[in-house]
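Undergrad: Next input, structure requested:
(2 chains)
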Amino acid sequence: MTGAVSCLAGFADIGVVIHGSSGCYFYPASLLPNAVYGTHLLENDIIFGSEERLREVLEEVRTRYRVIAVVTTCVPSIVGEDLLAIRKNSADIIVEAPGFLGDFETGYQTALKALCPVVDPVREGINIDGLNPIDPYYLGNLRETERLLSLCGLFPATKFSADTYESVFHAAPYTLTTNPDLRSDIGNSLGSLLGLEGTKAGFVALSHHYPQVDINPVIEEINHAEERITLVCDKFLLRNDPPSVLIFSGAPYALFAARLLDRYLDADIIAIGSRTSSPSTPYPLSRMVTFEEIKECIQREQPDLVLGSSYEQSVCEDSAFVSFSFPMRGKILLRTRTIAGPEGTLSLLEEVLNSCMDRKKKVTQLGT
Amino acid sequence: MEGCTILGALSVTTGVKDALSIVHGPNGCAHHNFSLLHATLATDTDSRFPHIVSTHLSEDDIIFGGEEALERAIREGLERDVGGIFILNTCIVDTIGDDTAAVCRKSWRVPVIYLPTAGFLGGGFSRGMLNALQTLAIHAKPREKVPRAVSLIGEKNLEYEVEENYTEISRLLESLGLHVYLRFVRDITIADLTEISRSGLNILREPELMPLGDLLRQRYGTPFVDRFPRGFIGTLTFLQDVARTLGIPCEDAVAYEMEHQTRVLAKFQDLEGIAVHLGRDTSNSFLREMVDLLGMFERNDGIHLPIPIPEPVGTGGVERLFHHWRRTICASL
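TA: Numbers count the residues shown, from 1 in each chain, chains lettered A, B, ... in the order given. The predicted structure is shown next:
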């Protein structure tokens, strides 16, 4: 449900109504930067039917948005209400997304499909997908991708999901992704913008389809970033052993981080606890979705460095830690963060190196 | 608008350090609440995490019943070092009619306690919290009272200032020669739950918990004060109420607190004479007292002051509110 709501809420002119209890509403509402609405069902609504309550909310919200999307939660889904009848002739979108049907990514993809996106062969620009409003990298990834496109004289077409409803029906033929877990499969994929190699490959693929586009500014920036990274990592390795690392996040972000740390710091990637499934990889990746598994893994491995969310942070006492994945609780987040593009790579490595050096200083101070 | 009973109940059960809370429902329900509680704990000085697991109900469990999934989750929970297990139903589980109470009644190694929740079908957040507190309150036996011991009842564990409020109440009680014996329920163990009968006085977080105050008085003979103190006058009254209930003197404590309040007010003399606007809440006696104390006055075009929700506790809470108001006023001038 939260995945579906997050996807839909990224479209500014879609009013999102969560058809369920206030408890179901509160969590996504607390995470999303923009407003969503709820029917806040009570016991009587289930006994006597919640259609009237839903109608009331739809009428209240309808005038503020181009279209309304109703996302159903567990109980309304199984009591068998005829939501299509409520919809009647309106263009309202119904998304069945009870929690028991799957995870966040399932809900996100279900909602995206419900929007029925269309590729417009004459639409100019490049689509950006994988944008998820509750991802801490949401705005940063969008801005970084727009910046890279503008360096080549290009601009974004449809942004999934950070756009308007109308734009969904005029997607451009090609798409760059910022998070493959949330790929839209709309238009031809040019690849992801995670990592320097990934970004370079994406823009090279783009140039094959648009030979007139000059991608050199992006390639030069990537090469320059790589030089800087190599320099600081070599310097770091003069005084430090490569860190042993545990990484916790969705598979694409985690694999990007693993490749980065392996390549430039010769890091020992002890394990990747992935929240999502992944194709085969040379790294020891396994699906870890319960807190107990994660806690046990960290306590068993005692790594030098942990990349993860505030969940992992709460149980990694002696390791260096980098806030890498959602959620990032217990800290103030004001600036935009990117993980995509060269800026994303530089940001992550900067945080990793500083965190490792801070830990070393702390250990040294404790020793004296 | 309130959250569902699950979160209200979990805000209590996760305050028991050695207990595991099992949310009987789909992953999402446990995840939502884990995340919200984790968010609150992550802003505290330590980095605790809530002990919550899910029964991971799938679509098949919804169709064929989830009692096996619950038993499996309890067995897995017992493999951990837990002093007890709390079971909380989600709305979907109550809809499909799982007999959770029957599963809890089976013979388990540690207490497995069923709490009436049922998501939104069981009421709202406050109902879940009160139900959980009442369920946990009946596991003690009447015992000898500990001298000068006071228990805090129903602290709101999701309240941002919960620790600051505790510090303030502790300070006020110490000025009367009393101490906090038990925080019911925050940062305690399963065994501590039985200590609830031993305090000489209970202080409720808010009057809405009076059914629980009455229950504890009837079962264990413990009188109660029905709320944490609000405002300067309310703080002095609180000291008097506590002292009167326990039959102890309070003159020195009240005199000291009045001096302390005078010192606090002196720090905010620069706010005197400023026109402020309290929005629609002008009948709020607490806000009116605060504005009067600072020598400010109300005017429709005055600086709009933020209204604290919930109201600050004790003199310390009021001092933090005054800082907040001064920042707002300075930004508006």
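Undergrad: can you list the residues of chain A near chain B?
TA: A:1-2, A:20-27, A:30, A:40-43, A:46, A:74-75, A:78-79, A:98-101, A:103, A:289-292, A:310-311, A:313-315, A:327, A:329-331 (C-beta under 8 Å from any C-beta of the partner chain). C-beta here means a position set from N, CA and C on the backbone, and glycine is covered the same way.
Undergrad: Separate out the buried members of these.
TA: The neighbour-count test (16 or more other C-beta atoms under 10 Å in any protein chain shown) marks A:1-2, A:20-27, A:40-43, A:46, A:74-75, A:78, A:98-101, A:103, A:291, A:310-311, A:313-315, A:327, A:329-330 as buried among the residues of chain A next to chain B.
Undergrad: Return the per-residue confidence for residue 135.
TA: With no chain named, the answer covers chain A. Looking at residue A:135, its pLDDT stands at 94.
Undergrad: you looked at the wrong chain, it should be chain B
TA: pLDDT, residue B:135: 94.
Undergrad: Check which helix or strand it maps to.
TA: Taking DSSP states H and E as the criterion, residue B:135 maps to helix B:125-137.
Undergrad: just to revisit the earlier point, in helices, which of the residues of chain A next to chain B appear?
TA: A:2, A:22-27, A:30, A:43, A:46, A:74-75, A:78-79, A:291-292, A:310-311, A:313 (DSSP state H).
Undergrad: And the helices in the stretch 101-250 of chain B?
TA: Remark: helices assigned in the stretch 101-250 of chain B by DSSP state H, counting those that start in this stretch are B:125-137, B:162-175, B:210-220, B:231-246.
Undergrad: out of those helices, deepest packed?
TA: Among the helices of the stretch 101-250 of chain B, ranked by average contacts under mean count of other C-beta atoms under 10 Å in any protein chain shown, first place goes to helix B:125-137 (a mean of 22).
Undergrad: from the middle of its chain, how far away would it be?
TA: With C-alpha atoms, centre = their mean, to the nearest Å as the basis, helix B:125-137 stands 11 Å off its chain's centre.
Undergrad: and the direction of it versus that of helix A:22-31, what angle?
TA: 110 degrees (axes from the mean of the first three to the mean of the last three C-alpha atoms, to 10 degrees).
Undergrad: contacting residues around helix B:125-137?
TA: Where contact means C-beta atoms under 8 Å, 6 or more residues apart in numbering or on different chains, the residues beyond helix B:125-137 that reach it are A:23, B:2-13, B:16, B:86, B:113, B:115-117, B:122-123, B:153-154, B:156, B:184-185, B:193, B:196, B:208-209, B:211-212, B:215-216, B:219.
Undergrad: Buried only: go through these for me.
TA: Among the contacts of helix B:125-137, the ones that count as buried by 16+ other C-beta under 10 Å are A:23, B:2-13, B:16, B:86, B:113, B:115-117, B:122-123, B:153-154, B:156, B:184-185, B:193, B:196, B:209, B:212, B:216.
Undergrad: In three-state terms, label residue 57 for me.
TA: Went with chain A since none was named. helix (DSSP: H, G, I helix; E, B strand; the rest coil).
Undergrad: that's the other chain; I wanted chain B
TA: Strictly by three-state DSSP, residue B:57 counts as coil.
Undergrad: give me every residue that touches it.
TA: A:100, B:24, B:25, B:26, B:66, B:69, B:92, B:93.
Undergrad: ok, and the closest non-adjacent residue to the residue of the stretch 51-200 of chain A found nearest chain B?
TA: Closest to chain B within the stretch 51-200 of chain A is residue A:99: 3.2 Å, counting by C-beta to the nearest C-beta. Take residue A:99 and drop its neighbours on the chain: the residue closest to it by C-beta to C-beta, 6 or more residues apart in numbering or on different chains is residue B:28, 3.2 Å away.
Undergrad: residues contacting that neighbour?
TA: Shown in contact with residue B:28 (C-beta under 8 Å, 6+ apart): A:1, A:2, A:99, A:100.
Undergrad: The third one contacts residue B:29, correct?
TA: Translated: residue A:99. Yes: Residue A:99 lies in contact with residue B:29 (C-beta atoms under 8 Å); the separation is 6.5 Å.
Undergrad: Domain ranges for chain A, per the record?
TA: As assigned by automatic domain parsing, chain A contains the domains A:2-114, A:126-213, A:221-367.
Undergrad: Would you map the strands across the chain?
TA: With no chain named, the answer covers chain A. For chain A, applying DSSP state E gives strands covering A:14-19, A:37-38, A:67-72, A:93-96, A:126-129, A:156-159, A:174-177, A:188-192, A:244-249, A:268-274, A:285-287, A:305-308, A:320-323.
Undergrad: nope, chain B please
TA: Under DSSP E, chain B gives strands at B:19-24, B:52-54, B:84-89, B:112-115, B:149-153, B:179-184, B:201-204, B:224-225, B:275-277, B:297-298, B:303-304.
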